[in-house]
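Q: one predicted model, sequence on top.
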Amino acid sequence: MSIPKIDHKLVGVVVAFDAETGDVLHVHKKFVETVDGRPSCSTDITPEEREEIRSDAARCHSRRRVDVLVAPPEPSEREDEAPLRYHVDPMTRKLRKEPQCDPRLRGLPLTMGKLTAIEGR
């Protein structure tokens, strides 16, 4: 008798955002348990889950008009890469991802996802 391999798999991302500005207010990642590579439950993000995430974000950001969108899962960010910043284009409802830049590091080049120092600075 072999021991089943139990793991967790990212199946989707729900992004709560300000519908007027596109500012991302909350990112919720949904994981499901897998047994021997097979999901043990549904991998769909239900309308009820989307509404719960939207209402939670609206409660925390009461002065904003909150909407949500579902994005496909992606690999986790690696430690040696710059963290990503999310933004939603309010007109097209498309999610944009760009490296998040620390204001203290402006002027330093971002090379292949890694921060590198410039000589003489």
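A: Ah, there it is. Since we're looking at a predicted model, the values are computed, not measured. Residues are numbered from 1 along each chain as shown.

Q: now the helices: where do they sit in the protein?
A: 47-60 (DSSP state H).

Q: the strands in it, which residues?
A: With DSSP state E as the criterion, the chain has strands at 6-18, 24-35, 38-39, 66-71, 84-89, 94-99, 110-111, 114-115.

Q: which ones are touching Glu49?
A: 14, 30 (CB atoms under 8 Å, 6 or more residues apart in numbering). Where you see a C-beta, it was placed from the backbone N, CA and C, and this is true even at glycine.

Q: could you do Asp67 as well?
A: Asp67 neighbours (CB under 8 Å, 6+ apart): 16-17, 19, 54, 93.

Q: ChimeraX command to pick out the buried ones of the residues you listed?
A: Applied in ChimeraX, the following selects the buried portion of these according to 16 or more other CB atoms under 10 Å:
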select :16,17,54
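
Q: is it true that Glu33 touches Ser40?
A: Yes - counting by CB atoms under 8 Å, Glu33 touches Ser40, with 4.7 Å between them.

Q: got a list of what the residue positioned nearest the centre of the chain touches?
A: Central residue of the chain (CA atoms, centre = their mean): Val27, 4.9 Å from the mean position. Contacts for Val27 (CB under 8 Å, 6+ apart) come out as 13-16, 86.
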